[in-house]
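3D, please:
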Amino acid sequence: MTRPEPDSDLTRARMPADVDALDKVAYGLTFHQLAIVAAGTLLFYTAWRTLHDVVPAPVLIGAGVVLGGLVTGLALGRRDGLPMDVWLLHAIRHTRTPHSLSNTNVTADTGPPDWVDTPKNGRVPLPAPLRLPADAIDDDGQISLGAGRAAIVGTTTVNLALRTPTEQAALIDGWGRWLNSLSTPTQIVVSAQPVDLASHGRALATAADAQPHPQLRAACADHATFLTDLATRRDPLRRQVLIVHHTAAGEHSPHAGLRRADDTARTLSGLGVSPRVLDGPAVTAALASAADPYRPPRPGGLAAPDAVITATTPAPARTKRKTP
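You can find the predicted model right below:
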């Protein structure tokens, strides 16, 4: 019989959820919000001083009320977790950015080729060159980012609810030590991706006939039916956790990111997870899945789109001559 572990020595502290919130300067507003309100007030004051002798006062007051509402909404409004002014700037930038991109290697912007009919009304935009931050992926999993490099660690998760308070404190303490040991830019990406259980069910149904015992065949067929039914009624997801290590500014070591990834994998292995440094094919699959999570992964054994496929010429068969 095991005794319950005492939790009186644990230190509990409340942490606010909005740790990234900006500081309030005056009247519950941040400096950014006060700047927007001050700009709107200055604009209305300038218009009043300029037009109060020409335009009637009720018209200016009505325009001031409309302007005040717009400024208030711009300063206090939020959408998609962003301030309203930042969201509007992103929207304007998105509308002015070409939506059709091409992965052709364009060294210089020479304009459209001769065989392309440029539309005169501008309603059909031409594709713009696609410029990705990554240049290449090595066989060991390092991503070339122009002047820097990066390495990715894929890891599983741990369920804290199933641990005792002492174990939870130990896991959080180990996680904090790893965070405090970081000295270079590090990115943690947590995403949910769909799981194709229908293909697993079909594979089990095919393998059920090859089982040597009738009970094994029945169990395999029953599990295949369960997976197929689960894929029909549910939309199962799996959680993917990626830790990306970048090289520091001015660091000339070509394997610095990979070395930090190895250190992270060793450190996190003591927290009850299964981390591993991703190699070249695994990094390619992770990036492709991040770009299009609902497309099925590329089957193994196939070459990458830009890989050079070579084959050796088979040696001619030699025929033996019979001697009389």
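
can we go C-alpha only for contacts and neighbour counts from here?
OK.

Only the buried residues of the helix or strand encompassing residue 36, if you could.
Take DSSP states H and E as the rule and residue 36 turns out to sit in helix 31-51. Within helix 31-51, the residues that qualify as buried by neighbour count (16 or more other C-alpha atoms under 10 Å) are 33, 34, 36, 37, 40, 41, 44, 48.

next one: stretch 171-188
For stretch 171-188, by 16+ other C-alpha under 10 Å, it's 171, 174, 186.

do stretch 69-89 as well
71, 74, 75, 83, 84, 85, 87.

Among these, name the ones in helices.
Of the buried residues of stretch 69-89, the ones assigned to helices by DSSP state H are 71, 74, 75, 84, 85, 87.

before we move on, back to that, among the buried residues of stretch 171-188, which ones are in helices?
171, 174.

where does the stretch 51-200 of the chain have low pLDDT?
Counting by pLDDT under 70, the ranges of the stretch 51-200 of the chain that qualify are 103-126.

residue ranges of the strands in it, please?
Secondary structure of the stretch 51-200 of the chain (DSSP state E, counting those that start in this stretch): strands at 78-79, 82-83, 101-102, 128-129, 136-137, 143-145, 148-155, 186-194.

Start and end of stretch 156-172, how far apart?
Length of stretch 156-172, first residue to last, C-alpha to C-alpha, to the nearest Å: 16 Å.

For it, buried residues please.
Buried residues in stretch 156-172 (16+ other C-alpha under 10 Å): 165, 168, 169, 171.

doesn't residue 273 make contact with residue 155?
Yes. With contact defined as C-alpha atoms under 8 Å, residue 155 counts as touching residue 273 (6.6 Å).

Output the buried residues of stretch 171-188 as JSON lines; include the columns distance to residue 134.
Shown next, in JSON lines, are those (distance: C-alpha to C-alpha, whole Å):
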{"residue": "171", "distance to residue 134": "34"}
{"residue": "174", "distance to residue 134": "32"}
{"residue": "186", "distance to residue 134": "16"}
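
Closest to residue 139 out of the buried residues of stretch 171-188?
Top of the list for closeness to residue 139, among the buried residues of stretch 171-188 and by C-alpha to C-alpha, is residue 186 at 21.4 Å.

Tell me the bridge partners for that closest one.
Using DSSP bridges, the beta-bridge partners of residue 186 come out as residue 245.

coming back round to it: let me know the closest of the buried residues of stretch 69-89 to residue 63.
Of the buried residues of stretch 69-89, the one sitting nearest to residue 63 (C-alpha to C-alpha) turns out to be residue 71, at 12.1 Å.

Let me see the ranges of the helices in the stretch 151-300 of the chain.
165-180, 197-208, 214-233, 256-268, 280-291 (DSSP state H, counting those that start in this stretch).

Could you verify my assumption that residue 217 touches residue 208?
Yes. Residue 217 is in contact with residue 208 according to C-alpha under 8 Å; the separation is 4.8 Å.
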